[in-house]
Every structure is written in structure tokens, then in C-alpha cells.
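this one's structure only:
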């Protein structure tokens, strides 16, 4: 990405040298100040910043007592913008004071030539000025300022647009005709007619804002089965928000609220090294303590990356001298199930790359996984796709409507398995933070390309299967720092990381900062926290005391530290760990702490 900067700067310099920037229209006598809160004295009122990148600071400032500070992160340039009303065929002067490196000021939607100006380096306040003439039918333009990739925070203050004001924008009318479609057990689709002059719509659930969308439809998800919900919608533009529409009520269907149910209110999930040994020693199925409610057999692996043909066999005796016979293994599984435990086949792992890039691979996946489930009498499937198993093709930008074959085929395959085995089928997933929470900042290759196409790639899978999903236990380990909903980076190893990462799942978040594409919250009983069982099991080991702090914060709103959650979730399902074998190696510290924890 750094290689594109000189070209961009050179182009900007050529445009400036050619006189484009200097063609600033002269303000007329009837001109007035059109930028709202350009000095940021009223906070961010009137301004919208991408991914929550902007804050108002009291020092340093250019004028007054406040200024904007915005921080680029990754592919996000920390763009802060405001839409203003203008007149057609009119001249305008845009100016502002900035401080920092590679700071831009511009206007888009002019109807003629959109303009921008920038400074490469402004160690102290520097004024930027440009101008434009609106097109014959232009009635609004968007003012913006932003930084640049890989640079630090920039400051902006006293932003100004001088020119003739447009006709006052009227608050849009109240939407009519709000209708609820056919509910599922956890979702309700909503539609309404467009309102003239509206630029967006706010959806309310039970009188509380649930989402802001630009279209005329929305699906409320993450709902409880057999529950009545009331919805309203309002229309919004730069003049304000209309009154709420007449409410509609819809009741979710029964069933599906706890796919593959039968788990205790708070469950312990563990992976059992059944097909290999890695220093922790082999643990027989019959020797797994009763503490473990879900046992994931690690791993089913493909015959090749793209075959979809999944195979599973017990650890060879040469590698695991104490391995039981297949008959004893199957008998032990039945005994666990008789005791109320769930035993799943986990597909993938670090070495088991699975790419269902064709429908043939999809169909082979379904048939081969079914064969494993049937042979061992298992309760369901755990998806532990890592590495390069999932990635998003260029142009696949909406997690709600994926187009990448490896994503679409996986969703289809799992739905086929669910349909085959019915409501008792247990489905769990163990993605890494890179594929889930990182989606708050980055999704796929990004708007401008150049990002890792795997970023956030699990989100469309989780979203499409949320009504079938029993448990999501993201691996809160082997992870780099991840930005939470407080727009701060959090690092693994302590309670803070688990609190911030889990809060994102239980609150929902805009994907890649796009408030029109919000990943909806999961139900707390669908979520468990994934941790390593010992220091040998993986990076990011968390001591029992810190694990308990995380549980306290998420379920009781105590011991939260500096991070403030967006709710309290006493129904949080529990914990997952890698692995049962490593916990045994560590004298069962992890499971004993779970057993001793007081949930209420």
C-alpha cells in the first residue's frame, strides 16, 4: 500500500500545479456559513466519522475550545464528513485548519468536479482552501476531511463552507405501511414504502433503536423463539428524524431457539486429540472427566485441500501407544452420550485446510462428513476452518449476501447436514479472531483492495447459519491485538481481551465500519469463550483468576476493569478450551476452575 502513496501525492501535486486547487470561487454578498459545527464546539454534532475514528479534544485547538482528532487504522483513513444543502449552479469556498501528516479536505457530490486539497506535513496549524461550483441539479454536497494509511492521528478545526444556502431541507414524513414478513424462530423481516426526501431509516424494536439502514427493508435477527416483538420505523435526513411509524407486532416461531439443545445452562467444551499426539499425551475417550459437556474430536481432515473428502481415524498406535480400539472408542462415545454429553467431529484445525471451491467438493464434504458421523454415532459437527480455508473474493463485500464459492458452498453443505440429521444436530464453530472480530475494521480485500481477503471471512458463515448454530466459541488465543467496540486495541492473555471480544459478539457491530451492514448480536446461550488450557497449549494463556474476572464482567457486570460492556449476559453458555489433553497435562486446572466457578 505504501507504494501507492507517492503516485497519489504526485497526482495531487500535478493537479495543484495545474491550477485546479487555486480556482477558488469568489464568495458573493449573499453568501453565508453553511458548515454546521465546523469548530467542533458541540462535539461531533453534524459530523460522521468512519469506524468511530473521530473524537473531540480540547488541546491543541486552532480556535475556540475544541478540535477534531481522528486516527487512521489499517485501511480506514479516518474520514469525517457532513452533508450540507446548497443551490445549483453556485460557487462555494471550502476551507479549514488542519494539523498532522497527509491531511485532506474536500467536497464530493458537487455535480461538476469534486475537489480536494491536502498537506503532506503540518506540524502546526495550516489552512487548506479549495472551491467548487455546483451542477445544474445539485442541492447537497458532502464535506469531508481524512488522513492517510499508516499515519498517525490528525487534527482539524474551524472547517467552513461559504456560499449561498440551499432551500431548507424539510424533515421527512412519517413512514407508513410498515409490514412484518414471515418470522423464523429467531428473526423477523420488515419492509416499508420509501419516504420522499429520506436519506436513511431508523428501525426501533420495543421503542429502542435497533438499526439504521439506507434501504426500505431490514431483518431483525438474534431473537428468542415464541416471543412477541414490536417494531417501528422513522425516516431521517439532514433536517432531522420523523415521528415513528405505527407499530407492528410479530411473534417468532417455536423451535430453533436452541439448535442441538440438551446442553446445561453453562457448558464446558473441549477438544480431544483423538487422531494425533502432540506432546500432551493421548487421552482415551473413557478417561475424559464428566466436567466436559461437549467433546470435539480433533480432527477430521481432507484428502486434499479442495477435495471436500473428509477422513477421520484414531491415532496410530506407534504415535499413541495407549490408544484404545475402535470398538472401545465407539462404546465410550455411547457412554458419554448416555450421561448427557455431546460428541462432535471437528473438521479442519491448523493443518486441515478445507476449500469447498466447487459444488462437487461441497457434495463430497456432505457425504464424507455424514459417513464419519454415522460410523461413530456422533451428535454433530464442529467447524474449525483455519489458515486459508476461507477467504473472500474481490467484490464480495456484503456479509449478508456472500458470493465467494468457498463461503457459499460451506453454508450450503452445513444446511444439508442440518436437514439430514434434524433439530438435534449440534453445530459449533471455532474461528480465530482474525476471521470474526477483525471484521469490525476490515472485511475481505477492502474498498480499495490490498487487504487480506480472509479478514472477517467467517462472518457470512456465522450469519447465514445463526438459526442452526448451537455454539460459537471464537479462539481468543494465537491472536494479534484486535480493536474492540471502544475503538481501542486489546491484547490476549488477560480478562480485558475476552471481555472485549465477547462483548462484540453479544452486542453486534458494523462490518468494516459500515453502519448499513451491522453484524447482529448472537444470543448469549450461543456463545462460549475459547481459551488455551495451559501455557503449552497456545499463545494467550489466561490464568484462572483472569478467566473468572471475564466471566464476572460478562455475566454479572462486576470486575470489568476499564472496558465497559454493552450489556450483562447471565445466560452466556460457558467456556471452550484447547484442549482436554493439555488440561490433563496441566493437572486439570482449567476444568476444575470451571467446575468451581459460581455463575450467580
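That came through fine. Everything numeric in this text was worked out from a predicted model, so none of it was measured.

Let me see the mean pLDDT of stretch 159-175.
Averaging the model's pLDDT scores along stretch 159-175 yields 89.

end to end, how far does it reach?
34 Å (CA to CA, to the nearest Å).

What residues of that stretch count as buried?
For stretch 159-175, the neighbour count (16 or more other CB atoms under 10 Å) marks 159-166, 169, 171-172, 174-175 as buried. Backbone N, C-alpha and C define where each C-beta goes, glycine included.

ditto for stretch 64-83
By neighbour count on 16+ other CB under 10 Å, the buried set for stretch 64-83 is 66-83.

Work out the gap between it and the centre of the chain.
Distance of stretch 64-83 from its chain centroid, counting by CA atoms, centre = their mean, to the nearest Å, is 21 Å.

what's the answer for stretch 540-555, then?
On CA atoms, centre = their mean, the centre of stretch 540-555 falls 22 Å from the chain's centre.

Any chance you could list what contacts that stretch?
Stretch 540-555 is contacted by residues 476-479, 492-495, 497-499, 502-503, 506, 529, 531-532, 534-535, 558-561, 563, 565, 568-570, 572, 575, 589-590, 593, 597, 599 when judged by CB atoms under 8 Å, 6 or more residues apart in numbering.

again, only using 7 Å
By CB atoms under 7 Å, 6 or more residues apart in numbering, the residues outside stretch 540-555 that reach it are 476-479, 492-495, 498-499, 502, 529, 531-532, 534-535, 558-560, 565, 568-570, 572, 589, 593, 597, 599.

Mind checking the pLDDT average for it?
In this model, stretch 540-555 has a mean pLDDT of 97.

ok, and the closest non-adjacent residue to residue 135?
Take residue 135 and drop its neighbours on the chain: the residue closest to it by CB to CB, 6 or more residues apart in numbering is residue 111, 2.2 Å away.

List the contacts of that neighbour.
134-135, 137-138.

likewise residue 472?
So residue 472 contacts 429, 462, 505, 522, 526-527 (CB under 7 Å, 6+ apart).

how far away is the residue lying closest to it once chain neighbours are set aside from residue 528?
In space, and not counting its chain neighbours, residue 472 is closest to residue 429: 5.2 Å by CB to CB, 6+ apart. Separation of residue 429 from residue 528 (CB to CB, to the nearest Å): 11 Å.

These two: which has the busier surroundings?
residue 528 (27 against 24; other CB atoms under 10 Å).

Is residue 275 in contact with residue 310, as I believe?
No - taking contacts as CB atoms under 7 Å, residue 275 lies outside contact range of residue 310: 11.7 Å.

Comparing those two, which shows the higher neighbour count?
residue 310 (25 against 22).

Who is that one paired with across the strands?
Residue 310 forms beta bridges with residue 302, as assigned by DSSP bridges.

show me the residues around it that make contact.
Residue 310 neighbours (CB under 7 Å, 6+ apart): 300-302, 347, 365, 368-369, 372.

would you list the contacts of residue 111 in a markdown table and tack on secondary structure and distance to residue 441?
Formatted as a markdown table, those follow (DSSP: H, G, I helix; E, B strand; the rest coil; distance: CB to CB, whole Å):
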| residue | secondary structure | distance to residue 441 |
| --- | --- | --- |
| 134 | coil | 34 |
| 135 | coil | 35 |
| 137 | coil | 37 |
| 138 | coil | 33 |
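
Report the buried residues of stretch 202-220.
For stretch 202-220, a neighbour-count test (16+ other CB under 10 Å) marks 202-205, 210-213, 216, 218-220 as buried.

just those now: which is nearest residue 38?
Using CB to CB, residue 212 comes nearest to residue 38 of those, at 24.0 Å.

quick revisit: go through the contacts of residue 472 and flag the one the model is least confident about.
Of all the contacts of residue 472, residue 522 carries the smallest pLDDT score, 92.

quick one: that residue and residue 223 touch, right?
No - at 11.3 Å, residue 522 does not count as touching residue 223 under the criterion of CB under 7 Å.

Show the pLDDT at the residue lying closest to residue 282 once chain neighbours are set aside.
Distance criterion CB to CB, 6+ apart; nearest residue to residue 282, sequence neighbours excluded, is residue 320 at 3.8 Å. At residue 320, the pLDDT value in this model is 96.

what do you get for the one 5 residues further on?
Listed pLDDT for residue 325 reads 97.

Check residue 454 too.
Taking residue 454 on its own, its pLDDT is 95.

How much space separates it from residue 427?
Residue 454 is 22 Å from residue 427, by CB to CB.

ditto for residue 146
For residue 146, the distance to residue 427 - CB to CB - is 41 Å.

one step back: any chance of the contacts of residue 310 in a markdown table, plus distance to residue 449?
Compiled in a markdown table, the contacts of residue 310 are given as follows (distance: CB to CB, whole Å):
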| residue | distance to residue 449 |
| --- | --- |
| 300 | 35 |
| 301 | 32 |
| 302 | 30 |
| 347 | 31 |
| 365 | 30 |
| 368 | 36 |
| 369 | 35 |
| 372 | 39 |
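
Point me to the helix or strand that includes residue 368.
Using DSSP states H and E, residue 368 sits in helix 359-376.

Parallel or antiparallel, which strands does the helix or strand that that helix is followed by pair with?
Counting by DSSP H and E, the next helix or strand C-terminal to helix 359-376 is strand 380-385. The strands beside strand 380-385 in its sheet (DSSP bridges) come out as strand 342-349 (parallel), strand 426-429 (parallel).

Out of those, flag the one nearest residue 232.
strand 426-429 (33.7 Å).

which residues touch the helix or strand just after the closest one?
Using DSSP H and E, the helix or strand that follows strand 426-429 towards the C-terminus is helix 459-464. Helix 459-464 is contacted from outside by 399-400, 402, 407, 410-411, 429, 436, 439, 469, 472, 511, 519, using CB under 7 Å, 6+ apart.

ditto for stretch 580-590
Counting by CB under 7 Å, 6+ apart, 270-273, 280-281, 283, 288-289, 292, 533-534, 536-537, 544, 577, 591 sit against stretch 580-590.

Among those residues, name the buried ones.
Buried members of those, counted by 16+ other CB under 10 Å: 270-273, 280, 283, 288, 292, 533-534, 537, 577, 591.

Can you list which of these are found in helices?
Counting by DSSP state H, the part of the buried ones among the contacts of stretch 580-590 found in helices is residue 591.

Need the buried ones among the contacts of stretch 580-590 in a markdown table (columns: pLDDT and distance to residue 181).
Output for the buried ones among the contacts of stretch 580-590, formatted as a markdown table (pLDDT from 0 to 100; distance: CB to CB, whole Å):
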| residue | pLDDT | distance to residue 181 |
| --- | --- | --- |
| 270 | 98 | 40 |
| 271 | 98 | 40 |
| 272 | 98 | 43 |
| 273 | 96 | 46 |
| 280 | 94 | 50 |
| 283 | 97 | 49 |
| 288 | 98 | 45 |
| 292 | 97 | 41 |
| 533 | 97 | 45 |
| 534 | 96 | 49 |
| 537 | 94 | 46 |
| 577 | 98 | 41 |
| 591 | 97 | 45 |
